[in-house]
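> Here is a sequence with its predicted model. Questions after.
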Amino acid sequence: MRSKLIICLLVFLVAAAFTIEAAETPKFVPDSCISVVTVSNAQNDPGISWLLDAWINSPRESPLREFFKSTAAKEMSVAVFPKKGDSPLYLLFVVNFAKGAKINKDVMNNVIMPDPDAKLQSVSYKGATINFVSVDTPEDFSAYTVLQDKVLFGSDVDVLKEALDGPSVEKSSGYQNVRAQFPQAKDGLLFADNKGSKFLNFLQPLEKKWKMTLLLSAEYLEWMGSSFDVINSTRVAGKFVFQGKDTSYIEDIQDDAEFLGEVFKRKFIAEKIDYSSEVEVKDRTVVLNFQIDGIEPLWKKLFAQGVLSLIRPESAE
Amino acid sequence: MKNNSWKFLQNKTLVVKIILGFVALVVLFIIGFTVWLFRPIKEVPPCELFPSSAFSFFFLNLNQSNTGLSEIMAKAKDEVLNTKMGFAKKTLFKIAFPSVIPKSLVGVLSLAEDSDEPDLVFIVSMGKIVRLIKIFGGSFDTIVFQGAPSQKKRELRHNFKSLAPATEKRGPSAYTIVGNNLVIGTSLPSVKDAYRSHIEWAIEHPAKAKEDARRRYLAEMLRQASMQRDASLYVDNNDSALSKIFKTVEEKFAFAAFPSIDAVATIKGEVRILTEEVTGNITFYCRESEMLRDVKSDVKFIYGALKRKLRASDIDMKGNVQIEGNTVEFDFQIPDFMDSIFSNITSEQGDT
């Protein structure tokens, strides 16, 4: 269970390993999301481009991987939404390509049609054409739409309609606070919104499956953010920021941050990877700064296992 | 007419005699059974039943004069009586409940030299009631071995029960009765080893002097523990048995939970069960003072993991880890322990 937990935390890291300057993709992420991860500089940054290549060449088959093989992405955002119906994970994936890039329609169809016999349908909404397949519980994605140089994949048609409707997460005060916390953010930015206990409600079923409470202070958090710099294939540096609702439970939040740092440290000791971290507290903000060296084998292991499977509640045991 | 009446009277007397005879037999059986059940039993101290490669034990005093424990028992009794149970079973349970509670429970961990997997042996001091296992052996086997086929073995001039060969291991694998104790373990060799310790307790083994010395030291620690707290824990890591177990588990899960374990020589713990809360203290005696900070960090991490694990069951744990001299001290407290435990049991019953 603990190794799953570690890898799940690494997912946030992977996730966040992709963003920032003048990010285009978060504009299409509705503010009802629980968390969003934006990765930028996908082609120019040596660390991020290595990560993308490693994922594309990992042994696990994924239709999304084929999609990335066929075209060069500039930036991408993955957003998780509150669970809907029986769907294990409700997702929106926004990818931004270089202007004029050709996007292969068959490859996009394959992402939403793991079953080749499924019937592809389409619907028009606010000037966009949404292609979709009718499935009771999509594994990852069952709909997509193309907007000029962007492709939006969604767990269903509704999440794509919401993306077109707005309002965007970019306009939310929490997200703006996270951006303000990381003015120098390089490769990746993660934002987890706990407004109306959204993040808490997402975390609790996972914790129930793990039979372990990961964050004791989750209910006292206003938001959580993270920024990473994937320096190269072996080195990562970054920080997690935990913003409390007020200062009353700051010690509990600090305890959680220290525990997370220890969990990382112990995983990396076992994998013979160098890791160092420190926790800082200021008013109602707790920051966990860390540096990792020699993480390449762990990335490969994570990609081989499948990234999304780790945060899918049904497989989180 | 007179003859018929006479015959009827004769038959009636015969029936009455048969009934009286039957009643007398039943009474004699009950008296005999009671005498057999309550005749003196050989008291074997649990410390004489430590397997030769034992390195750790935990002790739970189930003496009902303890207020906290007796309250748990009373609540447990109420919980059982509140379940859907027939009148006869309820009455039998009410009568038998206090008597079937053992006096103490000792769990002993041992690690054979050529093994990475520890064996666990429970020594349950049951008093004279242990004889009932001999009568209801079949039903007891079904409970212990969870319905799996079992076999009886006679070795060292003593009877042992174990899982039949090639049976999948799901829980305890073997048990035996030694004096007033039920000895139940995860493997037949460990249960046999525990019995051998008892029969050879008074014999000196010059070839096994080190083993004997350690076992006698553990026995003395248990004797002290049984006179003091409600629950105690002792781990002897001088021969690195605990280090070996941690390293095996850490390699298996690729996670370093206690990387400084080699620096710990012994671990001693005490737990007090009170009516409203459980309090405890665990002391880690270190070999080298320069490793104290690392040991403290590891203990703090384990406390954090335990706290988060318990919180998932709505149990709150508070604690403090600090360095004192050449030791790392971990003090903890679980408030509202009783309510948390029983609300969990109730919710689990509700789920099923």
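Right, received. Where do you want to start?
> Show the average pLDDT along the one helix or strand A:Leu288 maps to.
Following DSSP states H and E, the helix or strand that holds A:Leu288 is strand A:285-293. Per-residue pLDDT values over strand A:285-293 give a mean of 92.
> what does stretch B:90-105 give?
For stretch B:90-105, the mean per-residue pLDDT is 78.
> Name the residues that touch it?
Residues external to stretch B:90-105 that are found in contact with it (Cβ atoms under 8 Å, 6 or more residues apart in numbering or on different chains): B:46, B:59-64, B:73, B:77, B:80-81, B:85, B:122-127, B:129, B:182, B:226. Every residue, glycine included, has its C-beta placed from N, CA and C.
> Mind telling me which residue of the stretch 151-300 of chain B is nearest chain A?
Of the stretch 151-300 of chain B, the residue with the smallest distance to chain A, taken as Cβ to the nearest Cβ, is B:Ala256 at 4.0 Å.
> Hmm, that residue is touching A:Val263, no?
No - distance between B:Ala256 and A:Val263: 10.5 Å, which falls outside the contact criterion (Cβ atoms under 8 Å).
> ok, back up a step: check whether the strand holding A:Leu288 contacts chain B.
No - applying Cβ under 8 Å from any Cβ of the partner chain, one finds that strand A:285-293 is not in contact with chain B, the shortest distance being 14.1 Å.
> Which helix or which strand is home to A:Arg175?
If you look again at residue A:175, you'll see it is Tyr, not Arg. Here A:Tyr175 is covered by helix A:173-181, with elements defined by DSSP H and E.
> Just the angle for that helix relative to strand A:285-293, thanks.
Computed with axes from the mean of the first three to the mean of the last three Cα atoms, to 10 degrees, the direction of helix A:173-181 lies at 50 degrees from that of strand A:285-293.
> helix/strand/coil for the residue of the stretch 151-300 of chain B closest to chain A?
Using DSSP: H, G, I helix; E, B strand; the rest coil, the structure places B:Ala256 in coil.
> Next: B:Ile267.
Criterion first, three-state DSSP; result for B:Ile267: strand.
> got it, and the one 4 residues further on?
Local secondary structure at B:Val271 is given as strand here, using three-state DSSP.
> wait, what's in contact with the residue in the stretch 1-150 of chain B that chain A sits nearest to?
Going by Cβ to the nearest Cβ, chain A is nearest to B:Asp116 of the stretch 1-150 of chain B, at 16.8 Å. Contacts for B:Asp116 were tallied using Cβ under 8 Å, 6+ apart; they are B:Lys244, B:Ile245, B:Thr248.
> where does the helix or strand hosting the second one sit relative to the chain's centre, distance-wise?
Counting by DSSP H and E, the element that carries B:Ile245 is helix B:241-253. Taking the mean C-alpha point of helix B:241-253 and that of its whole chain, the gap between them comes to 24 Å (Cα atoms, centre = their mean, to the nearest Å).
> as a whole number, average confidence for that helix?
Confidence over helix B:241-253, taken as the mean pLDDT, stands at 91.
> now for it, which elements pack on it?
On a contact count with 3 or more Cβ pairs under 8 Å, 6 or more residues apart in numbering or on different chains; DSSP states H and E, helix B:241-253 meets helix A:250-270, strand B:54-61.
> now for the longest one, which elements pack on it?
Helices and strands touching helix A:250-270, as assessed by 3+ Cβ pairs under 8 Å, 6+ apart, comprise helix A:2-16, strand A:235-244, strand A:274-282, strand A:285-293, helix B:241-253, helix B:292-311.
> looking at these, which is closest to A:Lys105?
The stretch from the helices and strands packed on helix A:250-270 with the least distance to A:Lys105 (Cβ to Cβ) is helix A:2-16; that distance is 27.0 Å.
> Partner strands of the next helix or strand after the closest one, with direction?
Once helix A:2-16 ends, the next helix or strand along the chain (criterion: DSSP H and E) is strand A:35-39. As defined by DSSP bridges, the strand partners of strand A:35-39 come to strand A:73-81 (antiparallel), strand A:188-193 (antiparallel).
> Give me the phi and psi for the residue lying closest to B:Glu43 once chain neighbours are set aside.
Leaving aside its sequence neighbours, B:Glu43 sits nearest to B:Asn180 (Cβ to Cβ, 6 or more residues apart in numbering or on different chains; 5.5 Å). With angles defined as degrees, to the nearest 10, B:Asn180 shows backbone torsions of phi -90, psi 10.
> neighbours around B:Asn180, how many?
Per other Cβ atoms under 10 Å in any protein chain shown, the neighbour tally for B:Asn180 reads 21.
> Which residues of chain B lie near chain A?
Going by Cβ under 8 Å from any Cβ, the residues of chain B near chain A are B:250-251, B:253-257, B:259, B:297, B:300-301, B:304-305, B:307-309, B:311-312.
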